[in-house]
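>>> sequence and computational prediction follow.
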Amino acid sequence: MSNKLTTREKDYSAWYNELVGMANLAEHSEVRGCMVIKPHGYAIWEKMQRALDDMFKATGHVNAYFPLFIPKSYFSKEASHVQGFAKECAVVTHYRLKNDPVTGEIIVDPDAKLEEELIVRPTSETIIWNTYKGWIQSYRDLPILVNQWANVVRWEMRTRLFLRTSEFLWQEGHTAHATSGEAVIEAEKMLDVYATFAEEWMAMPVIRGIKTANERFAGAIETYCIEALMQDGKALQAGTSHFLGQNFAKAFDVKFVTNEGKEEFVWATSWGVSTRLMGALIMTHSDDNGLVLPPKLAPIQVAIVPIYREDEQLEQLRAKLNPLVDALKKQGVSVVFDDDNKRKPGWKFAEYEMRGVPIRIAMGPRDLENNTLEIARRDTMEKTSVSFDDALFTVQQLLTDIQQNLFNKALAHREANTHKADTWDEFTSLLDKGGFIAAHWDGTTETEEQIKQKTKATIRCIPLDNIKEAGKCILSGKDSEQRVLFARAY
RNA sequence: CGGGGUGUGGCGCAGUUGGUAGCGCAUCUGGUUUGGGACCAGAGGGUCGCUAGUUCGAGUCUAGUCACCCCGACCA
């Protein structure tokens, strides 16, 4: 392992890859476009999962599981949905291998060709709606509020650890409702859950908005999203929630009988967040010393490093620190007491910093004499010497402070990098600096496409809390009734 | 799929006009160390991505091939 991260100004992409590797989060697999999530990375993902899952349960949802394979014919039922995913599907065509009679090599048995190919799910709308058809007859069966934790496969041309991999982990919620209004409320509610999670757990401020028709999910009537701004000034879609209308119900013939005896199609939503959130977390807070984790998602919140020369000193430190460790654990703080004799303190300091541990405590002979210990916070890298008796209180205080400080810092960064543009020149010059740009747009897909072609900037969203304001489109000069949010994005 | 780049011990790299492979980190052993990634001494580890060709001789030249990375098109 080398010692330091290279500076991120030079090449953000390289810096990101290096960080992900050195912080022991993940690595590229030899399998095309896939990644191996290492234990430390997975521990963070598990904390995210748990928090999200609790929020889903609290809003009335339950978990279920559906097949990995989707018969090809299911896909063709919803026209825009196929179009959206057709180009990136992995397809199972055979079910058996055999030894080549001539060469002895393992080959695909040509006699084992499937009659109907199976698609490895890129998302589960089709198989789930095919299943819901059997679950729903009456209004009494509604709503169905189901979530699935799963892996999906999208054959992406270019991949990037966590942000875009051929296989990724996610959750996808699929709900069925009796009325349009109820489904819209559900889609908006789940967007809110995502936004709350992003801001309160990940300490990552997000903008809630809706996508333009062009950027909408394949098969959706309305796509809601949360958009975050990374440290390099690029935007990242961190979560989406879709109002699907009756598109999938019609495609899969899912009808229910109302309490008035009328037969109607069901209304649907789907919503998901993925391991991309890991990428978002990394790119929002990390610095050149490595990963920075918000306390709420840190697998280790406090690392205690004893500094000692002889075993006897270690014993003294252990005796002194054990009650503190116990007290912290009792408060629900995850803490490691690192008395590993194979590593030196300096090495441990650097390592915990690289891994993003929010608080580090060091205690040595000098502290024993003075009844003090040294507390270092990861977010600001400040070290303070505090009285041993105040340690418990200070740590608890600090965990809250760090969580809040990380959010504040990220918010300040976003605000400093969000600008209004009223002319094309202003727009393009702002784009090169990165960040969000609020600008007028005439509302047409053609203009949106042209802007994208000329500048690589996309409309990230139309913010939900947007203020109506008359203006002229920055490209076409036509009338516009509100600003929309542009950015270059991941 | 287009443009560019890289494949050499576990990781990062060097290797000149072709002459039989070296450096840093990591690893192992012993000792001294331990308050910011320790030091000294010693040791182990590579058919140079793969295949064919040129040559007395190929990490180096030629052709092919595979893989990966970066920049586009596509996307959460």
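Yes, it's here. Nothing here was measured: the structure is a model prediction, and the numbers come from that model.
>>> right, is stretch A:428-447 up against RNA strand B?
No - if you take CB under 7 Å from any atom of the strand as the test, stretch A:428-447 misses RNA strand B, and the best it gets is 12.5 Å. Quick note: C-beta positions are derived from backbone N, CA and C, even for glycine.
>>> tell me which residues of that stretch are tucked away?
The neighbour-count check on stretch A:428-447 (16 or more other CB atoms under 10 Å) flags A:428, A:430-431, A:434-444, A:447 as buried.
>>> over to stretch A:33-40?
For stretch A:33-40, burial by neighbour count (16+ other CB under 10 Å) applies to A:33, A:35, A:37, A:40.
>>> what does stretch A:18-30 give?
A:18, A:19, A:20, A:21, A:22, A:23, A:24, A:25, A:26, A:28.
>>> which helix or strand contains the first one?
It stands for residue A:18. Using DSSP states H and E, residue A:18 maps to helix A:12-22.
>>> any idea which helix or strand comes after that helix?
With elements assigned by DSSP H and E, the helix or strand that comes after helix A:12-22 is strand A:26-28.
>>> ok, and what's touching stretch A:413-424?
Residues external to stretch A:413-424 that are found in contact with it (CB atoms under 8 Å, 6 or more residues apart in numbering): A:205, A:228-229, A:231, A:233, A:427, A:430, A:433-440, A:471, A:474-475, A:483.
>>> quick check: closest non-adjacent residue to residue A:379.
residue A:402 (5.0 Å; CB to CB, 6 or more residues apart in numbering).
>>> er, residue A:40 actually
Spatially, and ignoring its direct neighbours in sequence, residue A:40 is nearest to residue A:24 (4.5 Å; CB to CB, 6+ apart).
>>> measure that neighbour to residue A:108 for me?
According to CB to CB, to the nearest Å, residue A:24 and residue A:108 sit 37 Å apart.
>>> likewise for residue A:37?
Here the distance between residue A:37 and residue A:108 works out to 29 Å (CB to CB).
>>> neighbouring strands for the worst-scoring helix or strand of chain A on mean pLDDT, and are they parallel or not?
Here the helix or strand of chain A ranked lowest by mean pLDDT, DSSP states H and E is strand A:106-108, holding a mean of 78. Partners of strand A:106-108 in the sheet, by DSSP bridges, are strand A:97-99 (antiparallel).
>>> show me which of the buried residues of stretch A:33-40 is closest to RNA strand B.
Closest to RNA strand B out of those is residue A:33 (7.1 Å), distances taken as CB to the nearest atom of the strand.
>>> how much space between the closest one and residue A:161?
11 Å.
>>> surely residue A:405 forms part of a strand?
No - with DSSP: H, G, I helix; E, B strand; the rest coil as the criterion, residue A:405 is helix rather than part of a strand.
>>> what's near enough to touch the closest residue to residue A:110 other than its chain neighbours?
Spatial nearest neighbour of residue A:110, excluding adjacent residues (CB to CB, 6+ apart): residue A:94 at 7.9 Å. Residue A:94 makes contacts with A:108, A:109, A:110, A:112, A:113, A:114, as judged by CB under 8 Å, 6+ apart.
>>> again with residue A:462
Residue A:462 sits in contact with A:209, A:210, A:211, A:212, A:482, A:484, A:485, where contact means CB under 8 Å, 6+ apart.
>>> could you check the pLDDT of it?
Reading off the confidence values, residue A:462 has pLDDT 96.
>>> likewise residue A:366?
Per-residue confidence (pLDDT) for residue A:366: 94.
>>> which SS state does it fall under?
At residue A:366, secondary structure determined by three-state DSSP is helix.
>>> burial count for it?
Residues lying near residue A:366 (other CB atoms under 10 Å) number 11.
>>> try residue A:263
Per other CB under 10 Å, the neighbour tally for residue A:263 reads 9.
>>> that one contacts residue A:253, doesn't it?
No - the pair residue A:263 / residue A:253 is not scored as a contact, 10.9 Å apart, by CB atoms under 8 Å.
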